[in-house]
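*Asks:* When you get a sec, could you give me coordinates for this:
(one chain, ligands or ions: 2)
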Amino acid sequence: MSVEEAPAVIIDNGSHTLKVGFTGEDDPKEIFRNVVQLSEGADGVIRSVGVLAPNPSSRAVSPIQRGRPCDWDAMESVWEYTFKDVLKVASEDHNVLLTDRPLSGKANREKAVQIMFEKFSTPATYMSMQATLALYGAGRTSGTVVDVGDGCTSVVPILKGTPAIEASTNVDLAGCDMVDYLAGALNVSDREQARAIMEKVCAVCGNIEKEVVNNVDFKTSTGSIINVGVERYRCGEAMFNPSVIGHQHTKPLQELIVECVASCKEVGRKDLYAYIVLAGGSTMLNGFSERLQSELSKLVPSQYRCKVVTTQHPILTVWAGGCLVAQSPMFQQSWVTKQEYEEYGADVIHRKCV
Ligand SMILES: Nc1ncnc2c1ncn2[C@@H]1O[C@H](COP(=O)(O)OP(=O)(O)OP(=O)(O)O)[C@@H](O)[C@H]1O
Ligand SMILES: [Mg+2]
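*Replies:* Ligands and ions are numbered 1, 2, ... in the order given. Coordinates of the predicted model:
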């Protein structure tokens, strides 16, 4: 099979997990933790990718923290594992579409593409902003994307496929902060235990002051019982009122959205409010979209109709959008080929990748 006929590889790089797979398939081949455990072996350092449980002599490295690449060696190990062990393909046989968070910076984009061409010899590569893909994944080309992942939350207004970069925002408040809050409030030393509590019993309520709290018992993997009370609601409340978990200087999500749209030209605001797409795993908290809708209805100027839209699998919306884009016939000329990279250098991606 020629490279043109071979499916492209889509890699959505998250702070918490990578979602990796091929165009033409409905779901990623695998979703795995973006972490590398480093330990000393007889012949040097051993790197184990995606392994959560550290052994006492290993050190965990997260290649991406709060959406920002912070260890390129570790990232390279994770991508090597992706090609060899997860997808079981030769990287030189497939075009690769990578994702990055909005406003991630030119240098980070260049480095990622450099690794793809120089280390993995990919025939062509493309770097796409997660928000744009999330919007395509949700079936639209205009709207405002709100991605609440593990390390960061981004709000990006997009009109006819073009993101308004100067109006976009990123804040360091997302799933990992809710997990930290729960671990502290419930006195749980294992963060993964706290994460399981967040994912299984936490929710966002309409009004935390008036909510009647029903405590629930959470059974841990070791069989012990943790009683969870108002923490169930406080953790998701953090996105709408960050001070409840001690983030005094972060604006509530609803304010970020309204400020972003208000800084776009008036002519586009109708479309930006009409389709506010939720992406990212932390939006899966029960009641999240209803609460956001209710908060926005208090803030959005009355001449606009405002609609918060959810997708079936918020964790996969970006990946699904990447698949759609990479297999569209129109897109094929957008790939940055290895030949272009060799001729023009890494700078070529800023001209070709939007
Ligand atoms: N059912 C659920 N309820 C609440 N939170 C969830 C649920 N499932 C997953 N999460 C949380 O979603 C987050 C992971 O989401 P996602 O995969 O979108 O993040 P990421 O892409 O790895 O990170 P980022 O986009 O911030 O770089 C984690 O904090 C995880 O605990
Ligand atoms: Mg993400």
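
*Asks:* List the residues that contact Trp79.
*Replies:* By CB atoms under 8 Å, 6 or more residues apart in numbering, the contact set of Trp79 is Ile11, Ile115, Met116, Phe120. Where you see a C-beta, it was placed from the backbone N, CA and C, and this is true even at glycine.

*Asks:* Going by distance to ligand 2, which of those wins?
*Replies:* When the contacts of Trp79 are compared for distance to ligand 2, the smallest value, 11.8 Å, is given by Ile11; criterion: CB to the ion.

*Asks:* How many residues are close by that closest one?
*Replies:* 23 (other CB atoms under 10 Å).

*Asks:* circling back to that earlier point, same list, the contacts of Trp79, but as TSV with distance to Lys265, secondary structure and pLDDT please.
*Replies:* Rendered in TSV, the data for these read as follows (distance: CB to CB, whole Å; DSSP: H, G, I helix; E, B strand; the rest coil; pLDDT from 0 to 100):
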residue	distance to Lys265	secondary structure	pLDDT
Ile11	34	strand	98
Ile115	37	helix	97
Met116	35	helix	98
Phe120	41	coil	98
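
*Asks:* Out of these, the closest to Asn95 would be?
*Replies:* Compare each of these with Asn95 using CB to CB and the shortest gap goes to Met116, at 9.9 Å.

*Asks:* can I assume the closest one is in contact with Pro123?
*Replies:* No: Met116 is beyond contact range of Pro123, at 10.1 Å (criterion: CB atoms under 8 Å).

*Asks:* if you count what's nearby, which of the two comes out ahead?
*Replies:* When Met116 is set against Pro123 and neighbours are counted by other CB under 10 Å, the residue ahead is Met116, at 25 against 20.

*Asks:* residues touching that one, list them.
*Replies:* When contacts are taken as CB under 8 Å, 6+ apart, Met116 is in contact with Trp79, Ser91, Val96, Leu98, Thr122, Thr125.

*Asks:* Over to Val61?
*Replies:* Contacts of Val61 were listed using CB under 8 Å, 6+ apart, and they are Val35, Val36, Gln37, Leu38, Asp71, Ala74.

*Asks:* Which parts of the stretch 151-300 of the chain are helices?
*Replies:* In the stretch 151-300 of the chain, the segments counted as helices under DSSP state H, counting those that start in this stretch are 175-185, 191-201, 231-237, 253-262, 266-274, 288-299.

*Asks:* So the second one, near ligand 1 or not?
*Replies:* If I follow you right, that is helix 191-201. Yes: using CB under 6 Å from any ligand atom, we find that helix 191-201 touches ligand 1 at Arg195, Met198, Glu199.

*Asks:* which residues does Thr125 contact?
*Replies:* Contact partners of Thr125, counting by CB under 8 Å, 6+ apart, are Asn95, Val96, Leu97, Leu98, Val113, Met116, Phe117, Trp335, Val336, Tyr341, Ile349.

*Asks:* Which pair of those spans the longest distance?
*Replies:* Using CB to CB, the contacts of Thr125 span at most 15.0 Å, a distance reached by Leu97 and Tyr341.

*Asks:* So those two - more neighbours on which side?
*Replies:* Neighbour tally, Leu97 and Tyr341, criterion other CB under 10 Å: the higher count belongs to Leu97, 27 against 21.

*Asks:* Which residue, neighbours along the chain excluded, lies closest to Ile349?
*Replies:* Val113 (5.0 Å; CB to CB, 6 or more residues apart in numbering).

*Asks:* And for the one you found, the neighbour number?
*Replies:* Other residues near Val113 come to 24 when the count uses other CB under 10 Å.

*Asks:* before we move on, what about Asn227?
*Replies:* The burial metric for Asn227, expressed as a neighbour count using other CB under 10 Å, is 10.

*Asks:* separation between it and Val213?
*Replies:* 11 Å (CB to CB, to the nearest Å).

*Asks:* again, but for Gly139
*Replies:* Using CB to CB, one gets 37 Å for the distance from Gly139 to Val213.

*Asks:* Give me the pLDDT value at the residue lying farthest from the centre of the chain.
*Replies:* The outermost residue of the chain, judged against the average C-alpha position, is Ala42 (36.7 Å), by CA atoms, centre = their mean. Predicted confidence (pLDDT) at Ala42: the value is 80.

*Asks:* And the one 4 residues further on, by the same measure?
*Replies:* At Ile46, the predicted lDDT confidence score is 85.

*Asks:* Can you check my assumption that it lies in a helix?
*Replies:* No: secondary structure assignment places Ile46 outside any helix; it is strand (DSSP: H, G, I helix; E, B strand; the rest coil).

*Asks:* what about the closest residue to it other than its chain neighbours, distance to Val51?
*Replies:* Using CB to CB, 6+ apart and skipping the chain neighbours, the partner closest in space to Ile46 is Ser39 (5.0 Å). In this structure, Ser39 and Val51 are 10 Å apart, going by CB to CB.

*Asks:* cool, and Thr99?
*Replies:* Taken as CB to CB, the spacing of Thr99 relative to Val51 amounts to 23 Å.
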